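[1] would you be able to build a 3D model of this:
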Amino acid sequence: MFGGSRGKTQACRVVHELPGRIRILCPGVADLQAERDEIQRQVQRLPGVRTAELGPRSETVLVRFDPVRTSSEAILSGVQASLGGFALAVYKAERVRALQTTVQERRLQEASVGEILPRVIASAATLALSAIRGSPAPAPTLLGRLATLPALTALSLAWPIFRSGARSLTASRRPNADTLSSTAILASLLAGRDRAALTIIGLADLAELLTVYTMDRTRRAIRGLLAVGEDTVWRLDRAGREEQVPIAAVRIGDRIVVKTGEKISVDGVVEAGEAAVDQASITGEFLPMRKQVSDPVFAGTVVKAGHLTIRAEKVGDATAVARIVRLVEEAASRKASIQAFADRFSARFLPVNFGLAGLAYAVTRRAETSLNMLIIDYSCGVRLSTATALSAAIATAARNGILIKGSNYLEMLAESDTTILDKTGTVTEGRPQVTSIIPLAPGASEREVIELAAAAEETSTHPVAIAFVDKAARSGWDIPAHGRTQVRVGRGVQTTVAGAPVSVGGAAFMRELRVPLAAAEEAARHLASRGEQALYVARDHTLLGLVGIQDTLREDMKKSLNRLRGLGMDDIVLLTGDVRQHAELVATKMAMDRYQAEVLPEHKSDVVLRLQQKGRRVVMVGDGINDAPALACADVGIAIGRTRTDIAMEAADITIASDDPLLIPGVIHLAQKTMRIVRQNFATAIGVNTAALLLAGLGKLPVVWGAAIHNASTVLVVLNSLRLLLHDPERSR
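    Model prediction:
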């Protein structure tokens, strides 16, 4: 599938072929005018290709090639791969068009609950008062018909409807639902049916009140979920003094100081210092990487231990993080295809109502029958049947810490059949823990090994150090008094306990200290076979024991995967940049269908695209920058966890703020339930209004009852949609 584009574009295919010449149709290339030269250069670099010509208008790529050196199948695959890198550009163009062509059918984006509620109360009170006074005969004059309390109330309350209906005619030169309502209200008032006019307004406002309430809940929930703080950095001035400045003030060439626990905010090169940098969001490895002078560092990574001075090479929008953010823009304005269908259906049926009104009057010569044809329309019910359900689902998700950026992702999620999960930080906790303790020295115990290791690591913020200290605390073991700790970044730590040196680190560090490791070789191989990282603990140049460190699986992850299968996920894939051995162990424990290991970040999206080419609807779940390209290319990208990176949140279509993996099947179940309710609403709106039109055409339905039935169907679909506000994703099965 060319770039995925959230599943909207289709796979490239051959439309014409001759020996040495092939024309390939690639939907979406019409949006790549600016990238035309680069695409042609990439295709021309394919083996055996002589020339390549991109035709944006025809959405084709014409390739001339040497049939001896290559084949049409290889050309098709190469073109597909070349265009895949421009998927986000197509995606961006699609959204720009969607924003430009969106037509507001009603005033839902302008009004608030506080504005609509008084109108509902006023119309209801006036109707009640009029009913108590009785129904006088219509006044013989136009002025008399418009001077009644219900008529005056109707005229004052209908002003927003009149304005919206007139604006639609002048701006887009086509009627909307308010144009139809305006005509029905005016016709009712002119005919002396002031109660009918007021009933139309009151019931329409009631339906709108429920809709606006739903959308307001959605907005408030999303605003709360997206609340963020401000970011600053420490910069060295010309005199070498540190000053705190906003990230926006950083320029290329500036020297940035990053200390333990702080996030690196620029792409650059280490100029001074040494540190352990957590790059799990980049590489998927749970152990921090050693960074020293001349090493590259990237925005979004975190210094776990140490101190770095970084010369900025890329800042602001030029950083790798910002480029992905720019490419993967906000998607909240995107509509589900079923919602777009509802909007088109309602807009195209409006002229039919006017035609039916004219036809009814020509046949029956009865104004009441003609008026019913204006009052009873499909527009409101059909349109609100999707808008309110999707909005209620988004509000419910946001209330539970799930941000859904657009209703179209709910529809895609309901249709998905394949789930890809990143390993580190998604399937696993992303926090290493002590999983094995193997004493090796005579008389050494597990407690002694951990207590000495915790003493050496107690003052460090390194994830492995935290694992040792946590293990001692959970076991109720004491951390002995110790001397000053020396951190050898990327290798290990040293301290003194009772006057004897204690060292903790990897095999290379032990060899530096001339600690014999022969007795630990078999144990180290055993730990490696179980996917554990082996760390050595030595005292006074004698190896005391071996400790296995492993990133543990998320609690309830297995249950989450079982629920995914129950929801129709036919294929569950583990995708990671970690080593094959670790990936295989995790995939086996989780009973996944298959896994792919040692996958670079830029190649993760290729895995997604290959599955999409087979017609799969792919959900990608991840938490880091390394997952962002795959999150962007998947039909639906889901970022999960409190430790997820900001860029993963930007790239994803859905963000789960908590670490609860059960919310993954929970949001899919919510999407499926939402689409079921949308279909129920469709059937209700079309069925009730069709029956009302038939009764009205036969002269069996008074105008007031026509308005009541029509608006009642609208209220009914809104109330049915509001059931989603009570849905609990955490309990979904």
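[2] so A455 is in which element?
    Element membership of A455, judged by DSSP states H and E, is helix 446-457.
[3] try H603
    helix 601-613.
[4] what's the answer for E274, then?
    Using DSSP H and E, E274 falls in strand 267-278.
[5] repeat for V493
    Assigned by DSSP H and E, V493 falls within strand 492-497.
[6] give me the contact list for that strand.
    For strand 492-497, contacts defined as CB atoms under 8 Å, 6 or more residues apart in numbering pick out 452, 455-457, 460, 465, 480-488, 501-506, 509-510, 539. Yep, even glycine has a C-beta here, placed from its N, CA and C like the rest.
[7] would you mind writing the ChimeraX command to select the buried ones in these?
    Buried residues within the contacts of strand 492-497, by 16 or more other CB atoms under 10 Å, are selected in ChimeraX with:
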select :452,455,456,457,460,465,482,485,487,501,502,503,504,505,506,509,510,539
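[8] of the contacts of strand 492-497, which belong to strands?
    Mapping the contacts of strand 492-497 onto strands (DSSP state E) picks out 486-488, 501-505, 539.
[9] reformat those residues as a markdown table; add pLDDT.
    Shown next, in a markdown table, are the ones in strands among the contacts of strand 492-497 (pLDDT from 0 to 100):
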| residue | pLDDT |
| --- | --- |
| Q486 | 85 |
| V487 | 81 |
| R488 | 79 |
| P501 | 92 |
| V502 | 92 |
| S503 | 92 |
| V504 | 92 |
| G505 | 90 |
| R539 | 91 |
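[10] tell me which two of those sit farthest apart.
    Within the ones in strands among the contacts of strand 492-497, two members stand farthest from each other by CB to CB: V487 and R539, at 18.2 Å.
[11] any idea which helix or strand comes after the host helix or strand of D551?
    Per DSSP H and E, D551 falls inside strand 542-553. Proceeding N to C from strand 542-553, the next assigned helix or strand is helix 557-566, under DSSP H and E.
[12] return the distance of the helix holding H603 from the chain's centre.
    18 Å (CA atoms, centre = their mean, to the nearest Å).
[13] ok, residues contacting the next helix or strand after that helix?
    Later in the chain than helix 601-613, the nearest helix or strand by DSSP H and E is strand 618-622. By CB under 8 Å, 6+ apart, the residues outside strand 618-622 that reach it are 4, 7, 413, 416, 418-422, 425-426, 569, 608, 611-612, 627-628, 630-631, 633-640, 648, 652, 664, 668.
[14] and the helix or strand just after strand 618-622, what's buried?
    Next along the chain after strand 618-622, taking DSSP H and E as the criterion, comes helix 628-633. Going by neighbour count (16+ other CB under 10 Å), the buried part of helix 628-633 is 628-633.
[15] so the helix or strand just after helix 628-633 versus helix 601-613, what angle?
    Downstream of helix 628-633, the first helix or strand assigned by DSSP H and E is strand 636-640. Between strand 636-640 and helix 601-613, the angle comes out at 140 degrees (axes from the mean of the first three to the mean of the last three CA atoms, to 10 degrees).
[16] partners of strand 636-640, with directions?
    Its sheet considered, strand 636-640 pairs with strand 618-622 (parallel), strand 654-656 (parallel) by DSSP bridges.
[17] which of those strands sits most buried?
    strand 618-622 (a mean of 31; mean count of other CB atoms under 10 Å).
[18] and that one, how far out from the chain middle?
    Relative to the chain's own centre, strand 618-622 is displaced by 10 Å; criterion: CA atoms, centre = their mean.
[19] quick one: mean pLDDT for that strand?
    For strand 618-622, mean pLDDT rounds to 90.
[20] wouldn't R50 be in contact with P67 here?
    No: if you go by CB atoms under 8 Å, R50 and P67 don't touch, sitting 10.7 Å apart.
[21] so what's the residue most central in space within the chain closest to, chain neighbours aside?
    With distances taken as CA atoms, centre = their mean, D653 lies nearest the centre of the chain, 1.7 Å away. Counting by CB to CB, 6 or more residues apart in numbering, Y409 is the residue found nearest to D653 once chain neighbours are left out, at 4.4 Å.
[22] give me the element the one you found is part of.
    Per DSSP H and E: helix 407-415 holds Y409.
[23] flag every buried residue along that helix.
    Buried residues in helix 407-415 (16+ other CB under 10 Å): 407-414.
[24] now those in JSON lines, with pLDDT and distance to A519?
    JSON lines is the format used below for the buried residues of helix 407-415 (pLDDT from 0 to 100; distance: CB to CB, whole Å):
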{"residue": "S407", "pLDDT": "77", "distance to A519": "62"}
{"residue": "N408", "pLDDT": "80", "distance to A519": "61"}
{"residue": "Y409", "pLDDT": "85", "distance to A519": "56"}
{"residue": "L410", "pLDDT": "88", "distance to A519": "58"}
{"residue": "E411", "pLDDT": "86", "distance to A519": "61"}
{"residue": "M412", "pLDDT": "87", "distance to A519": "56"}
{"residue": "L413", "pLDDT": "91", "distance to A519": "54"}
{"residue": "A414", "pLDDT": "91", "distance to A519": "58"}
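[25] so how far is V212 from the residue nearest to I24 when sequence neighbours are not counted?
    Ranked by CB to CB, 6+ apart and with sequence neighbours excluded, the top spatial neighbour of I24 is V61, at 4.8 Å. From V61 across to V212, the span is 47 Å (CB to CB, to the nearest Å).
[26] have a look at this protein and report the helix or strand with the lowest mean pLDDT.
    The helix or strand of the chain with the poorest confidence is helix 320-327; it has a mean of 44 (mean pLDDT, DSSP states H and E).
[27] which residue ranges of the stretch 301-450 of the chain form helices?
    Secondary structure of the stretch 301-450 of the chain (DSSP state H, counting those that start in this stretch): helices at 320-327, 337-364, 367-375, 379-399, 407-415, 446-457.
[28] can you flag the weakest of those helices by average pLDDT?
    Per-stretch mean pLDDT for these is lowest at helix 320-327 (a mean of 44).
[29] for the top helix by length along the chain, the distance to its chain's centre please.
    If you go by DSSP state H, the chain has its longest helix at helix 663-697. Computed by CA atoms, centre = their mean, the chain-centroid distance of helix 663-697 equals 25 Å.
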